[in-house]
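K.L.:
this one's structure only:
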């Protein structure tokens, strides 16, 4: 007569847990729509435009800073 101590069942139980975890990870990674690669940094002018659009700065301040940024960008380094 053969005696089983339950380890065979435990191994199969662990296998099924691993199977479902791997399957879920693969499905999530397949349907992941987040952008890949390094995130592009905003230029100073884009930051200024975003702050103006959000109402953080006035029209006068926007125009002054925009003019200074354009003047600085035109100067050779």
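P.N.:
Sure, I can see it. What you see is a predicted model; the values in this text were computed from it and never measured.
K.L.:
contacts, neighbours, all on C-alpha from now
P.N.:
OK.
K.L.:
select the helix or strand of the chain having the lowest average pLDDT value.
P.N.:
Across the helices and strands of the chain, the lowest-confidence element by mean pLDDT, DSSP states H and E is helix 7-31, at a mean of 85.
K.L.:
quick check: next helix or strand after it?
P.N.:
Remark: after helix 7-31, the chain's next helix or strand is helix 44-53, criterion DSSP states H and E.
K.L.:
what helices and strands are in contact with the next helix or strand after that next one?
P.N.:
Toward the C-terminus, helix 44-53 is succeeded by helix 59-74 as the next helix or strand (DSSP H and E). With contacts taken as 3 or more C-alpha pairs under 8 Å, 6 or more residues apart in numbering; DSSP states H and E, helix 59-74 sits against helix 44-53.
K.L.:
tell me the average confidence for the helix it packs on?
P.N.:
Over the span of helix 44-53, the pLDDT mean works out to 94.
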